[in-house]
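Chemist: Everything below, folded, please.
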Amino acid sequence: MDFSMIFFILVGALSVAAAVGVVTSRVPVHSALFLLTHFATLAILYVTLNAQFLAAAQVIIYAGGIVILILFVIMLIGSAPIERRAGYRSWVPYAGLALGLVLIAGLAMAVLQMPVTAIAPDANLGGAPRVVGIFLYSQNILLIELAAVLLLVALLGALLLARRPREEKTMSG
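Modeler: Here you go, the predicted model:
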């Protein structure tokens with residue numbers, strides 16, 4: 001193994017560890033910082049794959065914008081450790097596990113259907129915006145639409161989580 005492969009594996013392992021830290025951390029600020037680390041390691045992986053535009057977009061948009069926005073929201077709402085709520089339904093972890101298994105099955109199917117032939121070197125062009133845009137919006141428009149729906153659902157979920165419960169009005173008589 002040469003140095004570039006060892007570097008790629010180490011940065012990939014750090015990226016996976018940071019992603020696990022996002023999910024397992026009970027302190028929201030720590031989760032946001034793990035997310036920042038994950039986005040930075042993804043940008044490094046993009047550079048190693050000769051996709052400089054994607055690396056720059058990853059740092060500017062996600063690490064620079066989204067994580068800062070998440071930190072602002074955490075600071076506005078509060079950053080107490082996440083505890084189990086009294087009304088926590090027992091079926092929620094099982095639903096999450098089932099959806100995770102569906103996601104893993106879908107990813108496995110996509111990987112198994114990938115062509116084995118090498119990609120033409122001019123197809124990437126360093127992640128040039130024009131090439132990426134044409135590829136995304138011509139061949140993968142359904143995936144773009146699904147990502148938009150996913151972001152909408154995530155926004156609604158964040159609104160529901162951030163909403164404070166209404167205080168019950170007591171009638172004094």
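
Chemist: Buried residues, stretch 45-61. List them.
Modeler: By neighbour count with 16 or more other Cβ atoms under 10 Å, stretch 45-61 contains the buried residues 45-47, 51, 53-55, 57-59. C-beta: built from backbone N, CA, C; applies to glycine.

Chemist: Out of the helices and strands in the chain, which is least certain?
Modeler: Ranked by mean pLDDT, DSSP states H and E, the weakest helix or strand in the chain is helix 121-124, scoring a mean of 58.

Chemist: Check what pLDDT Q139 gets.
Modeler: Per-residue confidence at Q139 stands at 80 (pLDDT).

Chemist: where in this protein is pLDDT low?
Modeler: Scanning the chain with the threshold set as pLDDT under 70 gives 79-89, 116-127, 164-173.

Chemist: Pick out whichever of the buried residues of stretch 45-61 sits closest to I134.
Modeler: F53 (13.4 Å; Cβ to Cβ).

Chemist: correct me, but P129 touches F53?
Modeler: Yes: using Cβ atoms under 8 Å, P129 is in contact with F53, at 5.9 Å.

Chemist: Quick check: V102 vs L112, distance?
Modeler: Taking Cβ to Cβ, to the nearest Å as the measure, V102 falls 16 Å from L112.

Chemist: Ok, S4 next?
Modeler: When distance is defined by Cβ to Cβ, S4 is 26 Å away from L112.

Chemist: So which of V102 and L112 has more stuff around it?
Modeler: For V102 versus L112, the count of surrounding residues by other Cβ atoms under 10 Å is larger for V102: 10 against 7.

Chemist: isn't T37 right up against A18?
Modeler: Yes: proximity of T37 to A18 meets the contact threshold set by Cβ under 8 Å, at 4.1 Å.
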